Every structure is written in structure tokens, then in C-alpha cells.
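Q: Provide a 3D model corresponding to the input given below.
(one chain, ligands or ions: 2)
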Amino acid sequence: MASQLTFIGAGNMAGAIFAGLVDSGYPADAITATATHQQALERHRARYGINITTDNAAAVSEADVVVLAVKPQIMREVCEPLQEALQISRPLMISVAAGLTVDTLTRWLGDDSLAIIRCMPNTPAMVGEGAMGLYATAAVSEAQRELAGEILSAVGMVEWVEEEGLLNAVTAIAGSAPAYFFYMYEALEQAGVARGLPQESARRLALQTAFGAARMARESEFDPQTLKRQVMSPHGTTEEAIKSLENAGFEKMIDNATLACFKRAESLARELDDQ
Ligand SMILES: NC(=O)C1=CN([C@@H]2O[C@H](COP(=O)(O)OP(=O)(O)OC[C@H]3O[C@@H](n4cnc5c(N)ncnc54)[C@H](OP(=O)(O)O)[C@@H]3O)[C@@H](O)[C@H]2O)C=CC1
Ligand SMILES: O=C(O)[C@@H]1CCC=N1
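A: Numbering: from 1, shown residues only. Ligands and ions are numbered 1, 2, ... in the order given. Just a heads-up that it's a prediction; the model follows:
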């Protein structure tokens, strides 16, 4: 029988994971999602067939696995009232919150013997193409590690990290990174329009190029540098474009952006710890 999964929060990230799970065949009746707005929950029930409730404690008391998926800033007010219910079910806790450390979360859950996994997923989980970093505390059993890996690998690829701090690096290059690619998609579309293409046409071409490049990179035996070189004919068009990107400091820009993301995850952790 499938493990009972409860999602506390049913927004972008939780929705991406439970949508991906249902699409991959996980039984919808073993999934419960909570939120404060009944209307949004009703839409999820209609679309995915999952159970819904606005009662977090009730949803937790019957769960084998609880996925905490509210904004980090409201995690404390969500977690503290769950303490009693957690003593009934003693589920595996999976937090997807950026920056929230195990120490802070443990304090808010009021029990340092609970098994906690921190997960940094990304929204492509919705289409089964997520990229996730996972970190397990010492209280997590081998069976629970396997269970979390099994559940989450249904919606994407999973990388375990052995140091909690590395999840901030995962946030910088995976958790937040779909937005960087969407930004590039947006910029290519605009550039296509600026060069005279109709907008819809530019969007379709940019999107298919992103998809084709990602699929080719995944299926090919070559590293990114080689794949890049294969497009660059000597003295050709691509060489000019890449030179222009280099001159504009493209790599430095990506490095700066990921560093800013990483540092924000660290400062978020400090802010939450002070709560
Ligand atoms: N979005 C992303 O790409 C990623 C997000 N994350 C993490 O996921 C978490 C959620 O982010 P995201 O999904 O973007 O946020 P959203 O704002 O989209 O979703 C938050 C959800 O929390 C619900 N919620 C608010 N208060 C409560 C409450 N008291 N009890 C139960 N549910 C409540 C909201 O429901 P309602 O509106 O009805 O109140 C909503 O469904 C964050 O911690 C973030 O760091 C991690 C990786 C990627
Ligand atoms: O922007 C955020 O804080 C969340 C965490 C990673 C992606 N979205």
C-alpha cells in the first residue's frame, strides 16, 4: 500500500510535486494537501483527485510522510501547532523550504528525535523533470531514506548531499535556476522580435531550441564545452555571438547570480533562526 503523503501548503512547489506524483501513477487518494484557501484546494481536488483540508493537524496525524511546503517566513506559525499531532503519527518530515535549517525546524517541531529530510526541489517536478538535492538527518532510517528517494525520484532526479550547507548550492544552481532559464527564453524571444520575427514564431523557435539543447546535452556523450564548440563554425555566426557573450561577462554574471542566491539562502537561515 502507498505511503500516506501530506503536503502542508499547496502552492507552486507542493503543487508541482503532487501533480508530478499523480501523473507518474502515485495513488491520488494517498495524497492530502492543505492550505488556508478552500477554493484553491478545491481546484487541486478537481484536477488531481487528491484529498484536501484546511486542518493541518488532522492531515498530519494520519500521515506517513509530511512535506512542509509553505513559505519559510510562515513556517514557524505552521509548525508549532503540529507538535501534538506529530506525536501520534511520527511521520518522516520533508521540508522543501529554502534556507530553513534542520536545527531551526527541529526547535519549531519541538522534538529532536523526529526524522527530518531537507529537500531543495524545483518546479519542473510538475512534468517529472525536477532536479532535487536531499539531506537527511541522523534520525532518518535507511528505509525512510529509500522511501523519500522513491517518492521524489518519481518527479525528477535526486542528488543526496552529505552536508546540510550544500543545499544552498543546490538552491543556487537547481532550486532557483528554472527562473534563469525562463529569463533566457524570454530574452531570446524578445531578441527574435527585435530581429524581425513575429512574436509567436520567435517564442516557438526559442522554446524548441532550449528543449532541443537540453535533450541533446542529456543524451549526448559530450561535455558542455564540446557541445558548444560543435555549433561554432570557425569564423562563423555563433563564434561572434559567443564572443559577444564573453565580452559582456556572461560567466561572471551567472557566477554573481548564483552567489547572490546562495548568500540569500544563508541570510534567510539566520533570519529564521532568530525568530
Ligand atoms: N517555488 C519554487 O520554485 C520553489 C519553492 N521552494 C520552497 O517551497 C516553499 C513554498 O513555496 P511556493 O510553493 O513557491 O509558495 P506559494 O506561495 O506558491 O505556496 C505556499 C502555500 O502555502 C499555503 N499556506 C499558507 N499558509 C498556510 C497555513 N497556515 N497552513 C497551510 N498552508 C498554508 C498557501 O495556501 P493559501 O494561499 O491558501 O494560504 C499556499 O498553498 C517555500 O518554502 C520555498 O522556499 C523550494 C524550491 C523551489
Ligand atoms: O525563490 C525562492 O525563495 C524559492 C526557493 C527556490 C526557488 N524558489
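
Q: quick one: mean pLDDT for stretch 19-38?
A: The average of the pLDDT scores along stretch 19-38 is 96.

Q: check whether that stretch comes near ligand 1.
A: Yes - counting by C-beta under 6 Å from any ligand atom, ligand 1 is contacted by stretch 19-38 at T34, A35, T36, H37. C-betas here are computed from N, CA, C, even on glycine.

Q: buried ones in that stretch, by neighbour count?
A: By neighbour count on 16 or more other C-beta atoms under 10 Å, the buried set for stretch 19-38 is A19, G20, L21, V22, Y26, A28, A30, I31, T32, A33, T34, A35.

Q: try stretch 72-88
A: P72, M75, V78, C79, L82, A85, L86.

Q: hang on, the last one in a helix?
A: Yes - secondary structure of L86, determined by DSSP: H, G, I helix; E, B strand; the rest coil: located in a helix.

Q: so it touches D111, yeah?
A: Yes - counting by C-beta atoms under 8 Å, L86 touches D111, with 6.7 Å between them.

Q: for this protein, what lies in contact range of ligand 2?
A: A98, T171, G175, S176.

Q: out of the residues you listed, who has the most neighbours?
A: For the residues of the chain next to ligand 2, the largest neighbour count, defined by other C-beta atoms under 10 Å, is 26 neighbours, found at G175.

Q: ok, now how distant is the nearest residue to it once chain neighbours are set aside from A217?
A: Among residues not flanking G175 along the chain, M120 sits closest, at 4.5 Å (C-beta to C-beta, 6 or more residues apart in numbering). Separation of M120 from A217 (C-beta to C-beta, to the nearest Å): 22 Å.

Q: when these two are compared, which one has more neighbours?
A: Using other C-beta under 10 Å, the more surrounded residue of M120 and A217 is M120, with 27 against 13.

Q: how about the contacts made by that one?
A: V96, A98, M132, G133, L134, L167, V170, T171, A174, G175 (C-beta atoms under 8 Å, 6 or more residues apart in numbering).

Q: do you know how far the third one is from ligand 2?
A: Spatial separation of M132 from ligand 2 under the definition C-beta to the nearest ligand atom, to the nearest Å is 11 Å.

Q: any idea how many residues pack against that residue?
A: 25.

Q: that one contacts P121, correct?
A: Yes - the pair M132 / P121 is scored as a contact, 4.4 Å apart, by C-beta under 8 Å.

Q: mutual contacts of the two, please.
A: L152, G156.

Q: domains in this protein, by residue range?
A: 5-162, 177-265 (automatic domain parsing).

Q: what's the most buried one of the ones you listed?
A: domain 5-162 (a mean of 19; mean count of other C-beta atoms under 10 Å).

Q: how far out from the middle of the chain is that one?
A: 12 Å (C-alpha atoms, centre = their mean, to the nearest Å).
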